[in-house]
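> fold the stuff below for me.
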Amino acid sequence: MFNTSRSIFQDPIKANQLASLFRYGISVLISILLVRFHWTKDAVGAFEYLLLFALTFSFFWTYAYSNAILSRLAKMTETDQNQSLQQIFYQLIMIGIVMAGMVWVIMSNTNVIDTTYWSTSIFWMVALYVFVQIINPLPETIFILKKQAKSILLYQACIYAIQFGIIAVAILQSWTIQQVFQAYLLWQVARLIYLFWLVKPHQAIQWSLQKRWFLYAVPLVLHFILGSGMDYLDGHIVSWYYDEEQFLYYRYGARELPFSLLLLNALGVSMIPILSKNITDITELRYRVQRLGRWLFPVSIVFLFVAPFLFQWIYGEAFIQSAAVFNIYILIITSRILLPHVILYAKEDNRALMYFSALELIVNLVLSLILIQYWSYYGVAMATVIAFLFNRILSIWYCKKKFEIGLNAYLPVKEYALFTMLLLISFLLSYQWLLL
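Modelled structure (predicted):
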């Protein structure tokens with residue numbers, strides 16, 4: 001056990017995976033507390049939608065610049081890395097100001113946010129939340145870039161323990177749902193103060209470097225808007241068709257199995273700087289994917305049958321609907337474990353990422369609008385699964401054609417095929433069981 005602990009504190013990939021699991025665990029605990037205590041389901045649904053609305057305007061900047069840093073700065077000297085990080089910090093501040101202003105204008109001139117649970121002061125609060133959310137993920141990215149495993153763990157453990165503490169205090173003090181959001185905003189501002197201390201900005205803005213970084217990041221921004229953006233658009237589609245309570249059932253179920261999502265995402269992000277330096281290290285990616293797959297697939301199969309009981313026990317009887325959505329999202333592991341996009345990041349082929357995401361968005365949107373008519377919000381979940389697989393298949397084909405890197409180089413294909421077949425059979429059985 002001691003040796004395992006030491007390896008976690010020395011291995012940035014393992015550290016990032018563990019930190020991601022901790023972050024997810026805290027989010028689940030918070031969702032349980034929100035539902036189980038004095039807030040109504042409608043109020044919690046309104047709170048979750050407000051967070052979704054804010055993230056809709058910030059997530060693509062966050063992910064794009066994080067991946068740009070990891071793919072490009074890994075090849076630089078430490079001096080050049082620090083110089084670029086300061087310029088990126090300035091750029092994200094400017095972007096954050098523009099996006100915050102856009103959000104404030106939208107909220108002030110539309111009815112996109114139901115003011116039943118919010119005063120009009122929520123407009124500038126959400127705008128400020130968007131601003132800090134765009135900048136705040138930089139510390140995690142810096143720690144991964146510099147392979148500081150211990151810092152990855154300690155930083156995320158501290159900030160998300162504080163987030164949990166906010167909800168605990170809110171329950172003890174019987175805060176309103178707006179007061180909870182205000183506390184979340186203060187938490188984000190505190191993270192921003194720490195980021196200023198970490199980056200220690202002192203250089204002048206270099207406009208030529210600003211231009212180069214922005215042009216480099218734009219395809220990645222579009223990639224995340226077009227690809228990952230569908231996850232947020234799905235939530236908006238459901239909110240248009242259903243009330244706050246039904247949205248809550250969908251929102252709490254529309255989560256992938258945390259082990260598959262977080263561990264594979266953390267693995268992919270951590271491998272980008274490694275493959276950027278030397279693509280032959282792809283054998284390390286294959287080894288780690290194989291290790292994860294051998295227990296992620298069996299755990300996923302077990303959760304297909306256990307999830308209905310867990311959701312009812314944790315959240316309440318009505319959340320059996322969330323369990324059905326969750327079971328559909330479990331199927332994404334069949335695509336999530338395919339990591340051709342990591343090669344595209346390492347090769348800095350941002351245009352391919354953007355084009356494939358655009359096609360995924362089109363497939364997802366069309367299928368969502370069709371399937372929601374016949375299968376409620378379960379159809380929206382299934383559309384996401386299908387479109388995500390479509391994106392991965394395109395990326396696999398492209399990596400083989402352009403870089404001559406076949407699927408077998410980063411995935412044990414025979415094992416994958418067997419596990420996928422078992423998962424699909426289990427899903428059909430569990431779905432029939434849910435209908436009974």
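
> roughly how far is the host helix or strand of residue 187 from the heart of the chain?
Using DSSP states H and E, residue 187 maps to helix 177-199. Between the centre of helix 177-199 and the centre of its host chain there is 19 Å, according to CA atoms, centre = their mean, to the nearest Å.

> can you count the residues close to residue 402?
13 (other CB atoms under 10 Å). (C-beta placed from N, C-alpha, C; glycine too.)

> how close does it get to residue 255?
Separation of residue 402 from residue 255 (CB to CB, to the nearest Å) stands at 34 Å.

> got it, and residue 65?
25 Å.

> just to revisit the earlier point, elements contacting the helix or strand following the helix holding residue 187?
Remark: after helix 177-199, the chain's next helix or strand is helix 207-226, criterion DSSP H and E. In terms of contacts (3 or more CB pairs under 8 Å, 6 or more residues apart in numbering; DSSP states H and E), helix 207-226 is packed against helix 59-72, helix 78-109, helix 350-403.

> who touches the residue lying closest to residue 281 once chain neighbours are set aside in this structure?
Leaving aside its sequence neighbours, residue 281 sits nearest to residue 274 (CB to CB, 6 or more residues apart in numbering; 5.3 Å). By CB atoms under 8 Å, 6 or more residues apart in numbering, residue 274 lies in contact with 74, 281, 284.

> state the pLDDT value of residue 274.
For residue 274, the pLDDT comes out at 83.

> these two touch, right, residue 281 and residue 273?
No: if you go by CB atoms under 8 Å, residue 281 and residue 273 don't touch, sitting 10.4 Å apart.

> pick out whichever of those two has more residues nearby.
Per other CB under 10 Å, whichever of residue 281 and residue 273 has more neighbours is residue 273, with 22 against 13.

> that one sits in which helix or strand?
Counting by DSSP H and E, residue 273 is part of helix 258-277.

> neighbours of the nearest residue to residue 206 once chain neighbours are set aside, just the number please.
Nearest non-adjacent residue to residue 206, counting by CB to CB, 6+ apart: residue 87, 5.9 Å away. Residue 87 has 20 neighbouring residues, counting by other CB under 10 Å.

> got it, and residue 211?
Neighbours of residue 211 (other CB under 10 Å): 11.

> now the residue nearest to residue 281: how far from residue 213?
Distance of residue 274 to residue 213, given as CB to CB: 22 Å.

> if we can go back for a sec, mind checking which of the contacts of residue 274 land in helices?
Members of the contacts of residue 274 lying in helices (criterion: DSSP state H): residue 284.

> what's the distance between residue 125 and residue 161?
23 Å.

> again with residue 80
Taken as CB to CB, the span from residue 80 to residue 161 is 34 Å.

> what of residue 205?
Residue 205 is 35 Å from residue 161, by CB to CB.

> hmm, residue 127 is touching residue 104, no?
Yes: proximity of residue 127 to residue 104 meets the contact threshold set by CB under 8 Å, at 4.1 Å.

> who has more neighbours, the two?
residue 127 (23 against 17).

> who's in contact with that one?
So residue 127 contacts 100, 101, 103, 104, 107 (CB under 8 Å, 6+ apart).
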